[in-house]
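J.: Have a look at this prediction, sequence included:
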Amino acid sequence: MLNLTTKAEDFAGVTIATIGNDNTFATLKMRRINEKFELLVELTTYYGLSGHYENEVLGREIADDEDEAIAIATDLEYDAVAKLKILDIDYSKDPRGFPEALQDHCDAERARITRNAQNAFVAAAYAAFAAAAE
């Protein structure tokens, strides 16, 4: 059973992308729970005169696979943009929109796993070759 009781400030996930400006922005965070993806979008408003940050969770979802996570990220981006428009915030996307940035993150993670597996295979083959040479 998945537990969604973790507070947003204790969410141990990776920041995938942000949408907003320097003072008000929505952040998409993601963490893996076995094969599932947990996505959290949090709106942060910074008050420069007081140095105070105000946070609001805009959405939190669990996806069973990568494709579902990307679809959910699309919906979460629409919700975040709608909230920013209500607040009359001119926004930019960093590094890209939520679904595109999540896809990039998943692609990079897959490449890292493949690279590690290839390195382990080469190391094992080299060890076997060295042992046979003795």
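T.: Yep, that arrived. Numbers count the residues shown, from 1 in each chain.
J.: Now do residue 34 against residue 109, distance only.
T.: The span separating residue 34 from residue 109 equals 14 Å under the rule Cβ to Cβ, to the nearest Å. The C-beta positions use only the backbone N, C-alpha and C, and glycine is treated the same way.
J.: Of these two, give the one with the bigger neighbour count.
T.: Legend: neighbour count by other Cβ atoms under 10 Å for residue 34 and residue 109, higher for residue 109 (13 against 5).
J.: packing partners for the host helix or strand of the more buried one?
T.: Under the criterion of DSSP states H and E, residue 109 resides in helix 98-133. Using 3 or more Cβ pairs under 8 Å, 6 or more residues apart in numbering; DSSP states H and E, the elements in contact with helix 98-133 are strand 14-20, strand 24-33, helix 66-86.
J.: can you confirm residue 49 is in a helix?
T.: No. Judged by DSSP: H, G, I helix; E, B strand; the rest coil, residue 49 forms no part of a helix; its state is coil.
J.: Right, I'll call it a day here.
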